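> Below are the sequence and a predicted model; questions follow.
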Amino acid sequence: MSKQEKYLKREFVEYYERNGRRWYFYEEGRRPGERLYSVITGPIPLRVIRSGENAIRRYSERMVELRMKSKKKKLAKEHAFALNPNFPISTMCGDVLLKGRIIGAFYNDLVVRLDSPYIGEAGMHYGMFAAMAGIYIFERGKRSVFTKHALETAKNLLVQIYSQKVSPRKGGNVR
């Protein structure tokens, strides 16, 4: 991060009072085109307040910097998981055990690969209406934990792939 970027980001630290205490407040990602949205807020200790405005500013900027670094590290880890979760799943279709993996869960798409007894891939798009209905791929605030709905959808996709693979073609051949 360049000095100019650091300076621009620090410009947005604001202050307010609540219950007789002074707090710092920082927002990032509210500008157009930014995907990250973070709000960081915290109380300013009395010992820092007694040291003056410069101490308050330095303390607030340091706390924001530490918490943003931690938050961005966590987001990067979750992003990497979403790109390649390689999450094993299995289900039964009649008497046949289907084994596969969730191989992608990025943005609004859930992608599943059937590994056994056949090989194939399928996906499901979770759009705006799914979100409006409260249906998501990941648990809220935990981009490394799949929702029950996403796991059931993944199992259904395995069955769908399998059914397409065993459905008879012309002449009764299995694909």
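Now that the structure is in, tell me what you want to look at. Numbering: from 1, shown residues only.
> The most centrally placed residue in the chain - nearest residue in space that isn't next to it in sequence?
Geometric centre of the chain, nearest residue: residue 143, 3.5 Å, by CA atoms, centre = their mean. Distances taken as CB to CB, 6 or more residues apart in numbering place residue 78 nearest to residue 143, at 3.6 Å, with adjacent residues excluded. Just so you know, the C-beta spots here come from the backbone N, C-alpha and C atoms, and that holds for glycine as well.
> Which strand or helix spans that neighbour?
For residue 78, the host element (DSSP states H and E) is helix 53-83.
> what's the following helix or strand after that helix?
strand 87-93.
> Tell me which other helices or strands the helix or strand encompassing residue 158 touches.
Assessed by DSSP H and E, residue 158 sits inside helix 148-166. Here helix 148-166 touches strand 87-93, strand 96-104, strand 109-116, strand 120-125, going by 3 or more CB pairs under 8 Å, 6 or more residues apart in numbering; DSSP states H and E.
> and the angle from it to strand 96-104?
Put simply, helix 148-166 runs at 120 degrees to strand 96-104, going by axes from the mean of the first three to the mean of the last three CA atoms, to 10 degrees.
> and the angle from helix 148-166 to strand 109-116?
Using the same axes, to 10 degrees: helix 148-166 against strand 109-116 is 50 degrees.
> What average pLDDT does helix 148-166 get?
Confidence over helix 148-166 (mean pLDDT, whole number) is 94.
> Equivalent analysis for stretch 17-35, please.
Computed over stretch 17-35, the average pLDDT equals 76.
> Let the chain start at 67 from now.
Let's use 67 as the start, then, which means that last one is stretch 83-101.
> pLDDT wise, what is the nearest residue to residue 189 once chain neighbours are set aside at?
Once flanking residues are discounted, residue 189 sits nearest to residue 177: 4.3 Å by CB to CB, 6+ apart. In this model, residue 177 is scored at 94, pLDDT.
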